[in-house]
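J.: sequence? don't have it. structure:
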């Protein structure tokens, strides 16, 4: 700014001498479930942690007062509640797989601003996924092999998963009870090969779950040669000796 005097002289004001100031800025994860897992309120879990941002010792200069304060995180701007010389905003959820910068900006009664930044340490998290193999033994036996190879976020090596499956005949209304499965270990289910089955797989980690719905076809070969009975079955297993039997 420049001010002309009565005598025509010019006074020059250095705006930097009038800027407001921020002394300290902090962040804290206030989600008890997250901090119980990470053992730290400085490790923020993507889309799960609820973060409190705080700024203290906000000071106006040359008789100016503090009017507002905001924080910008991951391209999102949040207005902070100002109380005296402090400001805060809570319950911020951050969607980022890597560390982000939080930039605090304070504005005084003259409209002048000052900013200060800090780094926020992020831990990536997404819903668990799985590659599932469901196959009748020899393509048509009742004995059915299931393997669930799960992928899930490490969360600094502290995340864990559980895997369950349940099933029902396609013609039935309700599923049976869940059965536990181990990650990437082949287990055997007994699913009557005379029927088509709905199979549901549930993959859970500490914060969420993903459900997969699969269908297991009947275990009947198109053509089956029964050497013991010396018979042939089309879409069925022959029951009589020296016969040709057709289903359908």
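T.: Yes, it's here. Owing to the predicted nature of the structure, the values given are computational and were not obtained by experimental measurement.

J.: any idea how far residue 58 is from residue 202?
T.: 49 Å (C-beta to C-beta, to the nearest Å). In short, each C-beta sits where N, CA and C put it, glycine included.

J.: same deal with residue 16?
T.: Going from residue 16 to residue 202 by C-beta to C-beta gives 60 Å.

J.: neighbour-wise, which of these two wins?
T.: Using other C-beta atoms under 10 Å as the criterion, residue 16 and residue 202 rank with residue 202 on top: 18 against 9.

J.: who touches that one in this structure?
T.: 163, 164, 165, 166, 178, 209, 210, 211, 212 (C-beta atoms under 8 Å, 6 or more residues apart in numbering).

J.: longest strand of this protein?
T.: Using DSSP state E, we find that the single longest strand of the chain is strand 113-123.

J.: among the contacts of residue 202, which ones are in strands?
T.: Per DSSP E, these map to strands at 163, 164, 165, 166, 209, 210, 211, 212.

J.: distance check, residue 76 against residue 45.
T.: Separation of residue 76 from residue 45 (C-beta to C-beta): 17 Å.

J.: for the residue nearest in space to the middle of the chain, which non-adjacent residue is spatially closest?
T.: Centroid-nearest residue in the chain, with C-alpha atoms, centre = their mean: residue 126, separated by 2.9 Å. Sequence neighbours aside, residue 153 is the residue nearest to residue 126 in space, at 5.8 Å (criterion: C-beta to C-beta, 6 or more residues apart in numbering).

J.: ok, the one you found touching residue 125?
T.: Yes - counting by C-beta atoms under 8 Å, residue 153 touches residue 125, with 4.4 Å between them.

J.: identify the contacts common to the two.
T.: Shared contacts of residue 153 and residue 125, defined by C-beta under 8 Å, 6+ apart, are found at residue 159.

J.: ok so, going back, residue 76 and residue 45: which has the busier surroundings?
T.: Each of residue 76 and residue 45 has its neighbours counted (other C-beta under 10 Å); residue 45 has more, 27 against 12.
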